[in-house]
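Q: mind looking at a prediction? Sequence and model below.
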Amino acid sequence: MTVVERSVDRTEQRARLSAVLKRLELDAAVVTSYQAVSYFAGTNIITQTALPERLEFCIVFPDESAALLLCNIETSMAKSQTDLDDVSEYVEFADVPVVSLANLLKERGLAQGRVGIE
């Protein structure tokens, strides 16, 4: 297993997705696959492949900002890998990950927004 000390800056990758969001008039994009979260957030959360029910989300916005929503077990490792400062967590087995995602989107004013989901 490869351990990542600190992620490379993923600003350019997120900027390209943000441009697509603007063109499609979307308010956010939610990615959740291991590959997409790694690409946009710079993380290496290998349990995404081993435990697919332990969902991790990267949310990218048209203004080129982004947020991570992670299982609390993965938070400290992911924070050490990503260049994102906006990191939230849900509690495994106590919270439903997609409900936590819905709540995060509501908190961002996107309850009625147009959101692209991977």
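A: Good, I have the coordinates.
Q: helices along this protein, start to end?
A: Secondary structure of the chain by DSSP state H: the helices cover 11-24, 34-41, 47-50, 75-81, 97-107.
Q: what pLDDT does Pro52 get?
A: pLDDT recorded at Pro52 is 88.
Q: ugh, typo on my part, it should be Glu56
A: Model confidence at Glu56 (pLDDT) stands at 97.
Q: again with the one 3 residues further on
A: Predicted confidence (pLDDT) for Ile59: 98.
Q: helices or strands up against the longest strand along the chain?
A: The longest strand of the chain (DSSP state E) is strand 66-71. If contacts are counted by 3 or more C-beta pairs under 8 Å, 6 or more residues apart in numbering; DSSP states H and E, strand 66-71 sits against helix 34-41, strand 57-60, strand 87-90, helix 97-107. Just so you know, the C-beta spots here come from the backbone N, C-alpha and C atoms, and that holds for glycine as well.
Q: out of these, which is the most enclosed?
A: Highest mean neighbour count among the helices and strands packed on strand 66-71 (mean count of other C-beta atoms under 10 Å): strand 57-60, with a mean of 26.
Q: nearest the geometric middle of the protein, what residue?
A: Residue closest to the mean C-alpha point of the chain, counted by C-alpha atoms, centre = their mean, is Cys58 at 1.1 Å.
Q: tell me the contacts of it?
A: Val30, Val31, Thr32, Ala36, Val37, Phe40, Ala41, Ala66, Ala67, Leu68, Leu84 (C-beta atoms under 8 Å, 6 or more residues apart in numbering).
Q: so can I have TSV of the helices and strands packed on strand 66-71 showing distance to Gln48?
A: TSV is the format used below for the helices and strands packed on strand 66-71 (distance: least, C-beta to C-beta, whole Å):
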stretch	distance to Gln48
helix 34-41	4
strand 57-60	11
strand 87-90	14
helix 97-107	12
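Q: what's the closest of those to Ser76?
A: Among the helices and strands packed on strand 66-71, the nearest to Ser76 by C-beta to C-beta is strand 87-90 (9.7 Å).
Q: where in the protein is the helix or strand with the lowest mean pLDDT?
A: Every helix and strand in the chain was compared by mean pLDDT, DSSP states H and E; the lowest is helix 47-50, with a mean of 92.
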